[in-house]
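Trainee: here you go, sequence then predicted model.
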Amino acid sequence: MKRTPVNPWPWSLNFGYNQAEIIEDANRQLVCAGQTSVDGEGNPQHAGDMRSQMTLALDNLEAVLGGADMSLANITRLGVYTTDVDATMKSFDVLGARFGEAGATPPMTLLGVSQLAIPGLMFEIEATAAD
């Protein structure tokens with residue numbers, strides 16, 4: 001798969017994402033459901049702790065990707081939903097560290113929402129990946 005970043009302005013790179021990417025020669029595409037801070041039984045974890053919720057949601061996303069023999073480096077688009085944008089931005093280094101280690105800067109959208117599907121959850125991340 002060939003990825004070509006499209007960044008008419010460089011500011012988004014400071015936040016760890018490209019404005020767009022041209023994806024060529026991809027073999028498979030994986031569309032992931034939103035991943036949250038839940039355990040293997042679907043029970044919410046880390047009530048009130050944004051940083052821990054973000055970490056577990058990323059762990060869960062990596063598990064889904066791994067099930068398809070992919071990694072964060074394969075992500076071509078991210079959607080992030082949070083009930084507290086300020087708290088998410090304070091812990092955004094959690095995403096930056098993970099994606100930085102993977103050498104990945106996929107296009108991303110961050111949206112503030114009034115609530116997520118399960119009470120107590122504050123952060124959800126969905127992804128599209130390809131290889």
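Mentor: Here it is on my side, so go on. Numbering: from 1, shown residues only.

Trainee: packing partners for the longest helix along the chain?
Mentor: Using DSSP state H to define each element, the chain has its longest helix at helix 50-67. Using 3 or more CB pairs under 8 Å, 6 or more residues apart in numbering; DSSP states H and E, the elements in contact with helix 50-67 are helix 85-90, helix 93-102, strand 123-130. Where C-beta positions appear, they are placed from N, C-alpha and C, glycine not excepted.

Trainee: can you add mean pLDDT and give the ones you listed back as TSV?
Mentor: Listed next are these as TSV, based on pLDDT from 0 to 100:
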stretch	mean pLDDT
helix 85-90	98
helix 93-102	95
strand 123-130	97
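
Trainee: highest mean neighbour count out of those?
Mentor: Mean neighbour count (mean count of other CB atoms under 10 Å) peaks for strand 123-130 among the helices and strands packed on helix 50-67, with a mean of 22.

Trainee: ok, how many other residues are close to Ile18?
Mentor: One correction, residue 18 is Asn, not Ile. By the criterion of other CB atoms under 10 Å, Asn18 has 17 neighbours.

Trainee: ok, the closest residue to it other than its chain neighbours to Ile125 distance?
Mentor: Closest residue to Asn18 apart from its sequence neighbours, by CB to CB, 6 or more residues apart in numbering: Pro5 at 4.3 Å. Per CB to CB, to the nearest Å, Pro5 is found 21 Å from Ile125.
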